[in-house]
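[1] The following block contains a protein sequence and its predicted model.
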Amino acid sequence: MAKENRFDRYHLIHIVLVPGFGAFDALGKVQYYAGITGLFQNWRDARQSPHVVLHYFDNLPTAAVSSRASRLEAYLAKRMARGEILQNDRIVLVGHSTGGLDIRRVVYNLHHGGKEYISVDGGHRTSRQNLREALNAVVFLSVPHWGTNIADWVYSHPALRTIIIAKLRAAVRGAPLFPLDAIESGIAGGAAALTDAEILLALQDALTEANEHYGKPGPLRTADAEEAASELQLYFLQMASDFHVINDLTCERHDPESGSPAHFDEYEREEELAHWQDPRIESLSYVTVGGRPFAFSAKEPAPVWELTNPLTYPELTSQTELSAKTDLSYRLCYRACAGGPFHWPDEAGRSWRVLGKEPPQSIETWDNDGIVNTASMLWPVGHRVLVMADHLDIVGHYELVEAADSDDCKCYCGAARRYQSYDCLQSAPRFTARLFKEVWTEIFDFSLNPKQFVKEHEMRYPSAKRMAVAA
């Protein structure tokens with residue numbers, strides 16, 4: 001009779017999605033990882049794998065990597081303390097951009113954390129060793145393992161940073177209701193129509209969602225608006241008070257106290273990789289490269305974009321053959337990321353498999369996905385996959401998708417949110433839904449059985465493309 005009351009289950013595989021710069025699970029109703037849940041459900045049904053579960057992690061948006069890593073560590077420790085992750089369950093961490101550096105720092109901390117336990121929930125202690133033993137696979141998506149030029153560019157313009165942060169602080173101190181009529185009919189709406197910059201549509205939606213006077217009236221709409229407004233205010237406040245992540249993403253180490261893995265020295269990197277072997281962590285890296293909107297010399301560094309030197313300015317129009325079908329935000333970000341101190345790391349991985357179309361040219365040090373230099377994404381161990389995509393394509397923001405419930409929200413003053421994903425960096429050639437599905441199907445397959453996945457793909461692609469780059 002006792003056996004009838006026992007609860008038995010599969011040992012679960014927990015896939016945890018870790019966000020990058022901006023670091024939200026959902027801000028209002030827009031998700032950082034867009035469209036993943038539907039793909040996951042379809043994959044799980046097709047593979048008949050009910051023992052695989054998906055988690056979304058919410059982190060500090062622009063805090064230092066050490067702070068963000070501590071939050072991720074505590075999140076995982078809480079899941080273990082509360083019985084969501086049990087002994088013999090497996091954890092797979094998927095990190096996009098800065099989120100990948102957070103993961104690397106967590107692994108390092110689990111070996112160098114000092115105390116044997118992590119204290120959570122009022123003093124309950126979770127063993128670091130148990131957490132480390134549960135972590136057996138990591139997926140890197142567009143991660144700046146050696147930093148990125150765009151961070152150095154932002155770092156070198158402190159006045160610009162000060163202005164941006166001041167505006168964020170002013171927004172936090174402003175009235176609880178945003179002047180949406182002026183924003184929609186003026187700056188955001190007009191600029192979006194003029195430049196096709198969908199990042200402005202995202203801002204417009206976020207502000208609209210936070211105003212109770214937009215959308216179908218009622219107590220629930222008011223509550224949703226108040227929640228969205230408080231999330232925005234907290235989000236901007238955190239960005240205004242802690243922007244240390246930029247220091248942790250630079251190629252050159254400006255902060256001697258930086259705990260970012262992007263700034264590990266040769267000894268620390270060697271030690272770090274040793275930690276990944278005991279016990280072994282399997283890794284899968286997706287390396288993204290965007291189409292080139294500008295022409296720079298092969299095998300030479302691109303000039304730094306200097307705001308005071310018009311000769312270094314990017315081509316802002318989309319009339320040239322290279323920049324056609326791209327938007328202003330992508331061209332500006334790509335140009336800022338192309339020039340800078342980044343150089344090809346000696347420790348970087350030297351081969352890859354191509355998923356989708358192969359880039360027409362050899363990868364150069366100035367190639368990037370709009371945010372991160374492509375060569376910086378080449379984690380030295382594990383399986384690497386090259387994908388033609390910009391920085392946000394890979395996490396689902398590659399097309400403008402109308403919100404599923406937008407029609408239900410419409411009333412005399414319009415919808416509370418019109419879209420659920422945006423193509424905030426419009427690069428060319430366009431990323432496709434088919435390629436997006438292929439990428440994430442591979443990620444889920446890898447999570448299910450990392451060793452088998454790597455073995456099968458290395459056998460299938462024995463001659464992975466070798467890199468042809470300037471010395």
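    That came through fine.

[2] Quick one, grab the pLDDT at D407.
    Looking at D407, its pLDDT is 53.

[3] same check, this time on A206
    Per-residue confidence (pLDDT) for A206: 77.

[4] C424 too?
    86.

[5] same question, A403
    Looking at A403, its pLDDT reads 82.

[6] And it, how far from D205?
    For A403, the distance to D205 equals 8 Å [CB to CB, to the nearest Å]. C-beta coordinates here come from the backbone N, C-alpha and C atoms, glycine included.

[7] Name the residues contacting each of those two.
    417-419 (CB atoms under 8 Å, 6 or more residues apart in numbering).

[8] Name the nearest of these relative to A274.
    Y419 (45.6 Å; CB to CB).

[9] Give me the number of neighbouring residues for that closest one.
    Y419 has 20 neighbours, counted by other CB atoms under 10 Å.

[10] same deal with the one 5 residues further on?
    C424 sits with 24 neighbouring residues when counted by other CB under 10 Å.

[11] Just confirm it contacts V395, I think it does.
    No. Assessed by CB atoms under 8 Å, C424 is found out of contact with V395, at 10.7 Å.

[12] any weak-confidence spans in this protein?
    1-10, 26, 28, 113, 164-165, 167-200, 315-319, 405-415, 462-471 (pLDDT under 70).

[13] Please repeat the previous calculation with a cut-off of 80.
    The model of the chain has pLDDT under 80 over residues 1-10, 23-30, 113-115, 158-217, 221, 228-229, 231-241, 308-321, 404-417, 459-471.

[14] Centre of the chain to stretch 332-348, how far?
    18 Å (CA atoms, centre = their mean, to the nearest Å).

[15] what ranges do the helices span in the stretch 251-400 of the chain?
    With DSSP state H, counting those that start in this stretch as the criterion, the stretch 251-400 of the chain has helices at 266-275, 328-338.

[16] deepest of those helices, which one?
    With neighbours defined as mean count of other CB atoms under 10 Å, these peak in mean count at helix 328-338, which reaches a mean of 24.

[17] Show me what it is packed up against.
    helix 149-155 (3 or more CB pairs under 8 Å, 6 or more residues apart in numbering; DSSP states H and E).

[18] what's next to the helix it packs on, contact-wise?
    The contact list for helix 149-155 (CB under 8 Å, 6+ apart) reads 144, 160-161, 246-247, 249-252, 254, 304-305, 333, 336-342, 366, 368, 371-373.

[19] List the buried residues in that helix.
    Within helix 149-155, the residues that count as buried by 16 or more other CB atoms under 10 Å are 149-155.

[20] And for stretch 61-75?
    For stretch 61-75, by 16+ other CB under 10 Å, it's 61-75.

[21] which one among those residues gets closest to L12?
    Using CB to CB, the shortest approach to L12 within the buried residues of stretch 61-75 belongs to Y75, at 16.4 Å.

[22] Who are the contact partners of the closest residue in space to the closest one that isn't next to it in sequence?
    Excluding the flanking residues, the one nearest Y75 by CB to CB, 6 or more residues apart in numbering is F57, at 5.7 Å. F57 sits next to 16-19, 25, 72, 75 when contact means CB under 8 Å, 6+ apart.

[23] And T162, how far from P314?
    Distance of T162 to P314, given as CB to CB: 23 Å.

[24] now do A151
    Applying CB to CB, the value for A151 to P314 is 18 Å.

[25] Just give the number of residues close to K455.
    Neighbours of K455 under the rule other CB under 10 Å: 12.

[26] Doesn't it lie inside a strand?
    No. K455 sits outside any strand when classified using DSSP: H, G, I helix; E, B strand; the rest coil, being helix.

[27] Quickly note the distance from it to V401.
    36 Å.

[28] what does P450 give?
    Counting by CB to CB, the gap from P450 to V401 is 31 Å.

[29] neighbour count winner among the two?
    The neighbour count for P450 versus V401, taken as other CB under 10 Å, is higher for P450 (23 against 16).

[30] check contacts around the nearest residue to S323 once chain neighbours are set aside.
    Distance criterion CB to CB, 6+ apart; nearest residue to S323, sequence neighbours excluded, is P293 at 4.1 Å. Taking CB under 8 Å, 6+ apart, we find P293 in contact with 314-315, 322-323, 326, 330-331, 334-335, 427-428.

[31] other SSEs contacting the longest helix seen in the chain?
    Ranked by residue count and defined by DSSP state H, the top helix of the chain is helix 219-241. Packing partners of helix 219-241 (3+ CB pairs under 8 Å, 6+ apart): strand 26-27, helix 158-173, helix 198-209.

[32] which element follows it toward the C-terminus?
    Next helix or strand after helix 219-241 toward the C-terminus (DSSP states H and E): helix 245-249.

[33] residues in contact with that following helix?
    Residues outside helix 245-249 that contact it (CB under 8 Å, 6+ apart): 21, 62-66, 68, 98, 101, 144, 147-148, 151, 154-155, 161, 254-255, 258-260, 262-263.

[34] Report the backbone C-alpha coordinates of that helix in PDB.
    The C-alpha trace of helix 245-249 is given here as PDB (Å, rounded to 0.1, in the frame of the first residue of the first chain):
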ATOM      1  CA  VAL A 245      28.100  46.100 -17.500                       C
ATOM      2  CA  ILE A 246      29.600  48.300 -20.200                       C
ATOM      3  CA  ASN A 247      32.900  48.200 -18.400                       C
ATOM      4  CA  ASP A 248      32.600  44.400 -18.300                       C
ATOM      5  CA  LEU A 249      32.000  44.100 -22.100                       C
END
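
[35] At which residues are the strands of the chain located?
    Secondary structure of the chain by DSSP state E: the strands cover 13-18, 26-27, 30-31, 52-56, 90-96, 117-120, 124-127, 135-141, 282-289, 351-355, 383-388, 401-402, 419-421, 465-466.

[36] mind checking which of these is nearest M377?
    M377 lies closest to strand 282-289 among the strands of the chain, at 4.3 Å (CB to CB).

[37] Paired strands for the closest one, with orientation please.
    strand 135-141 (parallel), strand 383-388 (parallel) (DSSP bridges).

[38] My read is that R269 contacts E347, right?
    Yes. With contact defined as CB under 8 Å, R269 reaches E347; the gap is 6.5 Å.

[39] follow-up on the earlier one: how far off helix 198-209 does the longest helix of the chain point, in degrees?
    Computed with axes from the mean of the first three to the mean of the last three CA atoms, to 10 degrees, the direction of helix 219-241 lies at 130 degrees from that of helix 198-209.
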